[in-house]
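A.B. asks: Sequence first, predicted model second:
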Amino acid sequence: MKIIMLGAPGAGKGTQAKMIADKYDIPHISTGDIFRANIKEGTPLGMEAKQYMDKGLLVPDELTVKILLDRVAKKDCQNGYVLDGFPRTIPQAEVLDKALGERGDRIDHAIDVDVPDENIVKRMGGRRACLSCGATYHIEHVPPKQEGICDVCGQKLVLRDDDKPETVQNRLNVYHEQTQPLIDFYRNKGILKTVDGTKDKEEVFETIEAVLKA
Ligand code: ADP
Ligand code: AMP
């Protein structure tokens, strides 16, 4: 099963993608996590990506597409995967479609986690992320068991640089301009499902499970 998560930054794509990955035993692939891991390790890719990420801009397609195609070519992706944060532009979606099509393959579901901009701004300020394992929390809605510490790996949680309010508005603008058109792209392919992302995370997941079973 190959799944794409769509939705604004902070809509809950990563939260749901992790739950899907656990339940269906497929890898959760987040291009944002891949970039953050590279930034942490100080690789040339990380240094280049950081310049865009810190401003709330998209990393150029040439860099992003190569990383994603290399990742989905790995053996653990044979039975499917859930993509979180990719594609974010129409050209990225076209390259992915082409690469899959060459192997007689395709994406099965594109799930749009729908959350209005007003809720997004609140969620981002409360998000805390683990830069070691990629887990995310919310200080009110999805708190870790011990304040400031990741439940999964015990590392310190941080407020991501790009979750600061001045950057969040830029990211939302970029989302509406460059990423939202993907909703029609996948609707036209007949694989789009929209779920109400304002519900609590278990309820959102139940709706997604129903979509995947249908
Ligand atoms: P995305 O991957 O779309 O950027 P995240 O999954 O990181 O979004 O979620 C953004 C923030 O909102 C996080 O702090 C997360 O804990 C919180 N969150 C996720 N799902 C919900 C939900 N259904 N209700 C309230 N808060 C949520
Ligand atoms: P995310 O973790 O998905 O919120 O992504 C964080 C940041 O990484 C984004 O704001 C972009 O700067 C960059 N990024 C992640 N995925 C992509 C992508 N598919 N295309 C371009 N930039 C991306």
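C.D. replies: Alright, I've got the coordinates. Ligands and ions are numbered 1, 2, ... in the order given.
A.B. asks: ok, is the lowest-mean-pLDDT helix or strand in the chain in contact with ligand 1 or not?
C.D. replies: Sorting the helices and strands of the chain by mean pLDDT, DSSP states H and E puts helix 117-126 at the bottom, at a mean of 90. Yes. Using Cβ under 6 Å from any ligand atom, helix 117-126 reaches ligand 1 at R123, G126. Yep, even glycine has a C-beta here, placed from its N, CA and C like the rest.
A.B. asks: can you pull the buried residues of that helix?
C.D. replies: I120, R123, M124, G126 (16 or more other Cβ atoms under 10 Å).
A.B. asks: now the residues you listed in JSON lines, with distance to G104?
C.D. replies: Formatted as JSON lines, the buried residues of helix 117-126 follow (distance: Cβ to Cβ, whole Å):
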{"residue": "I120", "distance to G104": "38"}
{"residue": "R123", "distance to G104": "39"}
{"residue": "M124", "distance to G104": "40"}
{"residue": "G126", "distance to G104": "44"}
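A.B. asks: picking up where we left off before, what comes into contact with the least confident helix or strand of the chain?
C.D. replies: Helix 117-126 has contacts (Cβ atoms under 8 Å, 6 or more residues apart in numbering) with 8-12, 115, 138-141, 163, 165, 168-169, 172, 198.
A.B. asks: which phi and psi does the residue of the chain found nearest ligand 2 have?
C.D. replies: The chain approaches ligand 2 most closely through G32 (1.9 Å), counting by Cβ to the nearest ligand atom. Dihedral angles phi and psi of G32 (degrees, to the nearest 10) take the values phi -60, psi -40.
A.B. asks: try R171
C.D. replies: Torsion angles, degrees, to the nearest 10, at R171: phi -60, psi -40.
A.B. asks: With adjacent residues omitted, what lies nearest to it?
C.D. replies: The spatially closest residue to R171, leaving aside those adjacent along the chain, is G56, at 4.2 Å (Cβ to Cβ, 6 or more residues apart in numbering).
A.B. asks: ok, that neighbour - how many residues close by?
C.D. replies: G56 has 21 neighbouring residues, counting by other Cβ atoms under 10 Å.
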